[in-house]
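>>> Whatever this is, show me its structure:
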Amino acid sequence: MIHLGNRSIRHSPQSLIRNSNVFTKSIILSCRSLSCPVGTIIPPLHTSLDDNDSQAKPLFAKQEKNLASFSSLALRRKSPSTENSSDHNHLLDPKPRPRLEELRKRLRGKDESISLKKAASSSSKKKASKSPSPSPNNNNSWKDLLALAKLDNLQKKENIESDAMLMDSFSRMHTYLRISLVERCNLRCRYCMPPDGVPLQSEDRLLAANEVDRLVNIFGSNGVDKVRLTGGEPLLRKGIADIISNIATNQSINSIGITTNGVTLSRHLPSLVDAGLTHANISLDTLNDTKFENITRRKGLSRVLRAIEDSCEALPQGNVKVNCVVMKGFNDDELRRFIKMTKDLPLDVRFIEWMPFNNNGWNKNRFLSYADMMDQIESDEVRSPMKLIRDKDGSNDTTKWWRVEGHVGRVGFITSMSEHFCGTCNRIRLTADGQLKVCLFGSAEISLRDAMREGASDEELQFIVKAALQKKKFALGGHGSAEGIEAANDNRPMTLIGG
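Predicted structure coming up:
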């Protein structure tokens, strides 16, 4: 027996299956006939079943999904006269509304596809990567999330300014915005891109320069002070110097960095620095020509080494980093060679634990942890030990910093898998096609591109960002471990997220 206000509907489990659409319509008609907003009259469906209908409970998953969609639709379709009616003054009433609260909990607790789309479908577990194109329902997902966020604020009588837009449910303030500018790359690094490559979207589906500028202004006005441009390979983006120049005019932003493979960096560096570039991270996983071609499937090591030196000359000390992804049996015998680069160059070298992403070949047997790296560096059986001295880490640092006595630069370890730093995470990401990702390892996304192109105001964009951050998991996208991330295999390839 299902109860709707003062009405009752009896269905057998079999009839619920046969008449699922009729069931949903009966709920909608009941709401309309009683002139009540959704959530004020419909109790939780599972607790509304008679005991003898317990076998039908699993059948309600689909109906609840339909109800969630109907809920946001009904909130948008209320006429001005209905919204202002005294019958609905309870929406502003500070007294608890148990049924409305239950509906909100159900909407929040649903699979994140109600308000946040999955970047890859379950078929991404196949060898070939699926296209990252938005799902058919993605155009409405930002509207659903916006409706829920506005309802929350209405209930709490809050304005977006009264509660930090960039604060998540664990009180982490997100002040670091990473923006991918392009999906394309001129290398094919094995840990970043699937063997068959990735399907690229058309240019019109990527964020335009003015859209990047608009979002930077919104994030900057709410607390972001650091921006990093990524890809793909960001230097393949036409007009990148102009994008940097526009960001540099924002008084809230005091750091503008780029993460690049360095192949063409020397050519672009003067114009980028003139535009306002302050930091450069250069990805390099080996100092051996043969290995470089093996890991990147391309030539170019000499150009990357030159770009490192040029960057150290053009940018302040401490603002140039080399990022090295370490894999057992591939480059773990080169750690000391990388550290020696810090002797005379004002360069920070960071060793990164290999992280699993969609179809990137991650293998636990080839994973080398932070502790194992330290052992190899300090207790080499052939050469004399190299002593590392612990240095100070920043408050939101992803890196555990060390030094070698007498060296100009530093040595760091990014321990995402063995000793994650999620508790102090302050990073939020925008993909090249405008999807907001609140966690690197989570598959949940929301399209700010679609929201902007379909008329969302700056205030509405703030509501969307705030609501998305409230859904952020505490650690590792909710997967628990590297093995959990690898098993889920539901994220984008790294090249389509932005390094």
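>>> drop to CA atoms for contacts and neighbour counts, all remaining ones
OK.
>>> measure the closest residue in space to residue 488 that isn't next to it in sequence to residue 491 for me?
The spatial neighbour of residue 488 that comes closest, neighbours along the chain excluded (C-alpha to C-alpha, 6 or more residues apart in numbering), is residue 479 at 7.7 Å. Here the criterion is C-alpha to C-alpha, to the nearest Å. By it, residue 479 lies 11 Å from residue 491.
>>> ok, the two, which is more surrounded?
residue 491 (28 against 16; other C-alpha atoms under 10 Å).
>>> My read is that that one contacts residue 445, right?
No - look at residue 491 against residue 445 with C-alpha atoms under 8 Å: they stay out of range, at 10.0 Å.
>>> which residues are in contact with stretch 315-325?
Around stretch 315-325, the neighbours that count as contacts under C-alpha atoms under 8 Å, 6 or more residues apart in numbering are 273, 278-286, 308, 311-312, 346-354, 409.
>>> Give me the subset of those lying in strands.
When DSSP state E is applied, these are split such that 279-283, 348-353 fall in strands.
>>> pLDDT, distance to residue 437 and neighbour count added to those, as JSON lines?
Output for these, formatted as JSON lines (pLDDT from 0 to 100; distance: C-alpha to C-alpha, whole Å; neighbours: other C-alpha atoms under 10 Å):
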{"residue": "279", "pLDDT": "98", "distance to residue 437": "23", "neighbour count": "23"}
{"residue": "280", "pLDDT": "98", "distance to residue 437": "22", "neighbour count": "25"}
{"residue": "281", "pLDDT": "98", "distance to residue 437": "21", "neighbour count": "23"}
{"residue": "282", "pLDDT": "97", "distance to residue 437": "23", "neighbour count": "23"}
{"residue": "283", "pLDDT": "94", "distance to residue 437": "22", "neighbour count": "20"}
{"residue": "348", "pLDDT": "97", "distance to residue 437": "27", "neighbour count": "25"}
{"residue": "349", "pLDDT": "98", "distance to residue 437": "27", "neighbour count": "27"}
{"residue": "350", "pLDDT": "98", "distance to residue 437": "24", "neighbour count": "25"}
{"residue": "351", "pLDDT": "97", "distance to residue 437": "24", "neighbour count": "24"}
{"residue": "352", "pLDDT": "92", "distance to residue 437": "21", "neighbour count": "22"}
{"residue": "353", "pLDDT": "92", "distance to residue 437": "21", "neighbour count": "21"}
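>>> just curious, which of those residues is nearest to residue 188?
The nearest member of the ones in strands among the contacts of stretch 315-325 to residue 188, counting by C-alpha to C-alpha, is residue 283 at 12.5 Å.
>>> If that closest one is in a bridge, with which residues?
In this structure, residue 283 has the following beta-bridge partners (DSSP bridges): residue 323.
>>> first vs last residue of stretch 219-227, how far apart are they?
This stretch, stretch 219-227, spans 10 Å end to end (C-alpha to C-alpha).
>>> Also stretch 450-461?
For stretch 450-461, the first-to-last residue distance is 11 Å (C-alpha to C-alpha).
>>> likewise stretch 297-305?
The first and final residues of stretch 297-305 sit 17 Å from each other (C-alpha to C-alpha).
>>> Any chance you could list what contacts that stretch?
Residues external to stretch 297-305 that are found in contact with it (C-alpha under 8 Å, 6+ apart): 187-189, 261-266, 284, 287-289, 292-293.
>>> residue ranges for the strands of the stretch 151-300 of the chain, please.
176-180, 226-230, 255-260, 279-283 (DSSP state E, counting those that start in this stretch).
>>> Same check on the stretch 351-499 of the chain?
Using DSSP E, counting those that start in this stretch, the strands of the stretch 351-499 of the chain run over residues 389-390, 399-403, 410-414, 427-430, 435-437, 444-447.
>>> Which of the ones you listed has the lowest mean pLDDT?
With a mean of 92, strand 444-447 has the lowest mean pLDDT of the strands of the stretch 351-499 of the chain.
>>> Show me what that one pairs with in its sheet, parallel or antiparallel.
Sheet pairing of strand 444-447 (DSSP bridges) gives strand 117-118 (antiparallel), strand 435-437 (antiparallel).
>>> Just the buried residues of the last one, please?
Counting neighbours by 16 or more other C-alpha atoms under 10 Å, one finds that the buried residues in strand 435-437 are 435-437.
>>> ok, residues contacting it?
Taking contacts as C-alpha under 8 Å, 6+ apart, the residues outside strand 435-437 that touch it are 428-431, 443-449, 465.
>>> among those, who's most crowded?
residue 446 (30 neighbours).
>>> From residue 183, how far out is it?
Counting by C-alpha to C-alpha, the gap between residue 446 and residue 183 amounts to 18 Å.
>>> Quickly find the element holding residue 141.
Residue 141 belongs to helix 138-156 when assigned by DSSP states H and E.
>>> Low-confidence ranges, the chain, go.
Filtered on pLDDT under 70, the chain yields the residue ranges 1-140, 154-163, 194-195, 356-362, 380-383, 494-495, 499.
>>> circling back: including distance to residue 372, could the ones in strands among the contacts of stretch 315-325 go into a markdown table?
Supplementary listing: the ones in strands among the contacts of stretch 315-325 in a markdown table, determined by distance: C-alpha to C-alpha, whole Å:
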| residue | distance to residue 372 |
| --- | --- |
| 279 | 29 |
| 280 | 28 |
| 281 | 24 |
| 282 | 24 |
| 283 | 21 |
| 348 | 20 |
| 349 | 17 |
| 350 | 15 |
| 351 | 12 |
| 352 | 12 |
| 353 | 10 |
